[in-house]
Structure formats: structure tokens, C-alpha cells
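Participant: After the sequence you'll find the predicted model.
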Amino acid sequence: MSFERPAIVRPPSEASSLFLPLTAGCSNNTCTFCGSYGSRLQIRDIEDVRSEIDAVALFLRHRLTVPGIPRIVYAVAQEWDGKRVFLQDSDALVYPYSHLRDVLTHMQDKLPFVERVAAYSTASDILRRSPEELEALRELKLGILYIGMESGDDDVLRHVDKGVDSAQIIEATHRARAAGILTSITVILGLGGIEGSEKHSLATARVLSDMDPDFVGALTLTLVPGTPLYREWQEGSFEPISPFSSLEELILIIQNSSFTDCFFSSMHASNYLAVRGTLPHDKQQMLAQLRRIVEHGDSRTLRPDFLRGL
């Protein structure tokens, strides 16, 4: 079966990046809340990847296009800032190590002005890589990994079939950081439902503190039709938290986390309120903003549901 190019799904901070697919789907396709649930992982042929890099280099240098290269490649290249590349899809670090190394080496030859390469990664992907392999990838400009932690509560991780526990997520983050790779951790507000809300929040704060990552991005749970967690909600066995409860979770996480120097944000479109700042420096300011909104309880201060998205 031929490789199916994935839709562009990327972190907000990679909006100006060049998008280079190495995989489609996700190796860990069992997460019960995720739109990739049940998807089939596809590994792209390395020669196709090399050809796309060659085509981008030719286009940037001479504005020439190559037959067979999708139009989206040139559309993205035309708007590219020339500095960052984002490897697709949901966990590009699962790409075979020797091929990944060759892709990054080829990119360095053809696009030497690239400053940083980024990718989504599961904790399992990182733990498959030795410290030496991660260091080698860092030398080839792999500068940041976006890791979906989701929750620090092992009961929640088991419930959503994450495939790893909090200790493994901590170990993976430490391994990446030891190799000199920045880490950006995603947590999902509301993933524990009403019943597990406080436990989920406090455990998440504890694990984040143990990780001490460079960046944290908070999302708010959005129930995706067709996923097991969506069916649990329909059947009444999972009760989602309210919009203001999501802010209370955010307060608990920020209040109980301890970081050296971490940019923490809830800028993702799934959230009801966007806050951001550097922790610990902006901690009290961020907490005061959140508490003020919660205390007033005015739903008009929140992002309406029709403007929220994945």
C-alpha cells in the first residue's frame, strides 16, 4: 500500500515550520481519547523523503518544481521561515534510527540553513533510543521533542490505555534532556473526568515537577466521536468536567508544580482560557488571573465551544 500523506497537525509553535512526513498515524494507536485511535502506522520510504528534501531545495534555489511532488509541499515551502522543520506525523521518532539519521544528514546537506528540527514523540519512542543515538540526532539538529504525557496519574493512564506509566514518561523526558534535546510536554485537563479531577491534577503537577521540562502545553479534553472515551461518555460511565472546572485543574497544576525555568501555556484552541508565562517567575500572576476568572464565574470570559478545536 502506498504511503498516505497525513494532514498537517502540529504544535502552535511550529506554525512557520516546513512539514516533512516520515510516518502517518501513530505507533501507539490505543489511546482511548485520541483521534488516531485504531489508526494504522505507515512508515514512509526513505527515498521518497530524500526526494522531497531535494525538491524543496530545488524550489527554494531556482523556483523549479518536480513532477510527482504534491502541491502542498511547494505551498508550505513558499511560506516557510527557512529556519525550522517539523517531522510528521504523530510520533516521527518511531522512524527507523538509521533512516532517521540519514534523513537528517541529507537535510543538513541540502538545507544547511535549517536551525532546528522538531517532532512529536511517544515516551516509548524515546526509550527505544540509546543516549548515544539521541545525542547523535541532536548533533543533526533534532532540537525539540513534543511528548504527550496527558496525565501524571497512573490510574488515568491505564484507563485511557496510554501504554506507559508516569515513571516511564519521566525517564524518557530525562533521557531526551540529557542528550541536549528540549522537551515540550502536553497535559490534558479533564482527562480524569469529574471523579478523578483532583487526583489527576495533583499527580500531573508532581510528575511535571519530576520532569522539569522546558515547555508545558495544557489542552482541554475534547471528546472525539468514534473513540472509546466518547462511547463511555454516551453510556454515562465517564462524566466530563465543566469549563470552569478545567480552570480549577489548571490552577492546581500550576500551584503545585515546581520548575527551574519552564514556559507554561494553555494557548491551544481546545482550552476555555489562554494563559501563558514562565514558571516560576510568572506563577503568582498566572494564578491570580485564573482565580479571578473562576471567582467571577462569568461564562462570557471563556472561549465558546463553537470556537474550540483540536
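Facilitator: Received, thanks.
Participant: I'd like the distance between the closest residue to residue 116 other than its chain neighbours and residue 19.
Facilitator: Nearest residue to residue 116 in three dimensions, chain neighbours excluded: residue 143, at 3.8 Å (Cβ to Cβ, 6 or more residues apart in numbering). Where C-beta positions appear, they are placed from N, C-alpha and C, glycine not excepted. The gap separating residue 143 from residue 19 is 16 Å, by Cβ to Cβ, to the nearest Å.
Participant: Check residue 117 too.
Facilitator: Taken as Cβ to Cβ, the span from residue 117 to residue 19 is 12 Å.
Participant: anything in contact with each of those two?
Facilitator: 85, 86 (Cβ atoms under 8 Å, 6 or more residues apart in numbering).
Participant: Neighbour count for those two, which is higher?
Facilitator: Between residue 117 and residue 19, residue 117 has the larger neighbour count (other Cβ atoms under 10 Å), namely 25 against 21.
Participant: can you give me the helices for the stretch 201-310 of the chain?
Facilitator: With DSSP state H, counting those that start in this stretch as the criterion, the stretch 201-310 of the chain has helices at 228-235, 243-256, 283-296.
Participant: Where does pLDDT dip in the protein?
Facilitator: Applying pLDDT under 70 to the chain picks out residues 1, 37-38, 310.
Participant: Now do the strands in the stretch 51-200 of the chain.
Facilitator: 84-88, 116-121, 142-150, 182-189 (DSSP state E, counting those that start in this stretch).
Participant: which outside residues touch the shortest one?
Facilitator: Here strand 84-88 makes contact (Cβ under 8 Å, 6+ apart) with 6, 8-11, 14, 16-24, 95, 107, 111, 114-119.
Participant: among those, which ones are buried?
Facilitator: Buried members of the contacts of strand 84-88, counted by 16 or more other Cβ atoms under 10 Å: 6, 11, 14, 17-24, 95, 107, 111, 114, 117-119.
Participant: Helices - which of these land there?
Facilitator: residue 107 (DSSP state H).
Participant: What is the neighbour count of the residue lying closest to residue 276 once chain neighbours are set aside?
Facilitator: Nearest non-adjacent residue to residue 276, counting by Cβ to Cβ, 6+ apart: residue 265, 3.7 Å away. Other residues lying near residue 265 total 19 when counted by other Cβ under 10 Å.
Participant: The one 4 residues further on too?
Facilitator: By the criterion of other Cβ under 10 Å, residue 269 has 14 neighbours.
Participant: For residue 259, which non-adjacent residue is closest in space?
Facilitator: Per Cβ to Cβ, 6+ apart, closest to residue 259 is residue 279, 4.6 Å.
Participant: Sorry, slip of the keys, the one I care about is residue 214.
Facilitator: residue 182 (4.5 Å).
Participant: how far away is residue 250 from residue 167?
Facilitator: Residue 250 is 24 Å from residue 167, by Cβ to Cβ.
Participant: Looking at those two, which has the bigger crowd around it?
Facilitator: residue 250 (25 against 12).
Participant: Contact partners for that one?
Facilitator: Applying Cβ under 8 Å, 6+ apart, the residues contacting residue 250 are 189, 218, 266, 273, 275, 290.
Participant: Just the buried residues out of those residues, in PyMOL syntax.
Facilitator: Under the burial definition 16+ other Cβ under 10 Å, those of the contacts of residue 250 that qualify are selected in PyMOL by:
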select buried, resi 189+218+266+273+275+290
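Participant: which one of the contacts of residue 250 is nearest residue 128?
Facilitator: Distance to residue 128, by Cβ to Cβ, is smallest for residue 218 among these, at 27.1 Å.
Participant: was I right about residue 171 contacting residue 131?
Facilitator: No - with contact defined as Cβ atoms under 8 Å, residue 171 does not reach residue 131; the gap is 11.6 Å.
Participant: Would you format the contacts of residue 250 as TSV with distance to residue 126 included?
Facilitator: Output for the contacts of residue 250, formatted as TSV (distance: Cβ to Cβ, whole Å):
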residue	distance to residue 126
189	24
218	21
266	25
273	31
275	28
290	31
